[in-house]
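Visitor: could you work out the structure for the sequence below:
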Amino acid sequence: MDSWGYWDTLAALEWQVELGADEAMLDDPLDRFDLPTPVAMPKPEGRKAPAGAPTPAAPARQAAPKVDAVAIARQMAEAAGTLEALKTAMAGFEHCQLRRGARNLVFGEGAPSARVMVVGEAPTRDEDTQGKPFVGAEGALFDKMFAAIGLDRAKEGAEGVYVANILPWRPPQNRELAPEELAMMAPFMQRHIALIAPDVLVVMGNDACAGLLGRRGVSRMRGNWGEVAGTPALPMYRPGFLLRNPAAKREAWADLLAIKARLA
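Guide: Reported below is the predicted structural model:
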């Protein structure tokens, strides 16, 4: 500052006043050119809390309520008094993400008075496209298998067979169903079975066995009767597996004969 003349210093001061810097913020003059680091300006003080007053706690962040999809599914399923009402309830159930990638809801087909109900796995591409269970080459083999023991999905009563899938929506790439997907859709299948009230339940494929019998491994389970909600249940290979493994048709024929004997 010593190199500055009187008039230079006065001109600089008048320039600062024109800019609005017309009030000293510190008690003593401060040479800012001589500071090693910038000095933070003092912060204005807010209102102080009285001595001894408790420090207010920060508001707790409320977690989003967890949705119990199984309980919602159970409530919706129990309220369905007819097959049509059950189909409407399943179409309105928004908690299974598989519905977002599926083309159609695959519900069921056949006479409600049928003595035999078959529950397959999740829909295939053909089933998803047509909105019906057991279609295409797999459906053709299915119809031949049950025709061999006098059953037809187009017939009523003792000669009829009702077909459905453990889940009504096709999973991406026909992947294995997740346990939570099976759990949230189980109330709908349980209600589906109760409305049909079959004499015999046929459980086709690993996903169907997992959803209704609680475990996988149809190759070990087939041929052995179980029970689902008081109804005799027989695990079987699905037709798609038999198309890829023709040697297993012999075991499938033995299972069909066991179904026929149970209906006699």
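Visitor: could I get the full set of strands for the stretch 101-250 of the chain?
Guide: Counting by DSSP state E, counting those that start in this stretch, the stretch 101-250 of the chain has strands at residues 108-109, 116-120, 161-165, 200-204, 226-228, 231-236.
Visitor: let's test this: mean pLDDT of the longest one, rounded?
Guide: By that I understand strand 231-236. Strand 231-236 comes out with an average pLDDT of 97.
Visitor: and what of the first one?
Guide: Averaging pLDDT along strand 108-109 yields 96.
Visitor: quick one: distance of that strand to the chain centre.
Guide: Put simply, strand 108-109 sits 22 Å off its chain's centre (C-alpha atoms, centre = their mean, to the nearest Å).
Visitor: re the thing from before, so which of the strands of the stretch 101-250 of the chain is nearest Trp15?
Guide: In terms of C-beta to C-beta, the element of the strands of the stretch 101-250 of the chain nearest to Trp15 is strand 161-165, at 84.4 Å. C-beta here means a position set from N, CA and C on the backbone, and glycine is covered the same way.
Visitor: pairing partners for the closest one, with directions?
Guide: Strands that pair with strand 161-165, judged by DSSP bridges, come out as strand 108-109 (antiparallel), strand 116-120 (parallel).
Visitor: deepest in the core, which of these is it.
Guide: strand 116-120 (a mean of 27; mean count of other C-beta atoms under 10 Å).
Visitor: quick one on the thing from earlier: got the strands of the stretch 101-250 of the chain as CSV, with distance to Phe188 columns?
Guide: CSV is the format used below for those (distance: least, C-beta to C-beta, whole Å):
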stretch, distance to Phe188
strand 108-109, 11
strand 116-120, 12
strand 161-165, 10
strand 200-204, 15
strand 226-228, 14
strand 231-236, 16
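Visitor: looking at those, which is nearest to Ala71?
Guide: Smallest distance to Ala71 across the strands of the stretch 101-250 of the chain (C-beta to C-beta): 21.0 Å, for strand 226-228.
Visitor: quick one: residues in contact with that closest one.
Guide: Residues outside strand 226-228 that contact it (C-beta atoms under 8 Å, 6 or more residues apart in numbering): 193, 201, 203, 212-213, 232-235.
Visitor: between those, which is nearest Pro171?
Guide: For the contacts of strand 226-228, the nearest to Pro171 is Leu212 (17.4 Å; C-beta to C-beta).
Visitor: what number of residues lie near that closest one?
Guide: Number of residues near Leu212 (other C-beta atoms under 10 Å) recorded here: 23.
Visitor: what ranges do the helices span in the stretch 1-150 of the chain?
Guide: Under the criterion DSSP state H, counting those that start in this stretch, the stretch 1-150 of the chain contains helices at 6-19, 69-78, 83-91, 98-101, 125-130, 136-147.
Visitor: what residues sit buried inside stretch 183-198?
Guide: If you call a residue buried by 16 or more other C-beta atoms under 10 Å, then stretch 183-198 has these buried ones: 184-193, 195-196, 198.
Visitor: need the mean per-residue confidence for the longest helix seen in the chain.
Guide: Scanning the chain for the helix with the most residues, using DSSP state H, yields helix 179-196. For helix 179-196, mean pLDDT rounds to 96.
Visitor: that helix - contacts with which helices or strands?
Guide: Contacts defined by 3 or more C-beta pairs under 8 Å, 6 or more residues apart in numbering; DSSP states H and E place helix 179-196 against helix 69-78, helix 83-91, strand 116-120, strand 161-165, helix 206-213.
Visitor: closest to Phe107 out of those?
Guide: Among the helices and strands packed on helix 179-196, the nearest to Phe107 by C-beta to C-beta is helix 83-91 (4.8 Å).
Visitor: give me the contacts around that closest one.
Guide: The contact list for helix 83-91 (C-beta under 8 Å, 6+ apart) reads 76-77, 79-80, 105, 107-108, 112, 168, 188, 191-192, 195-196.
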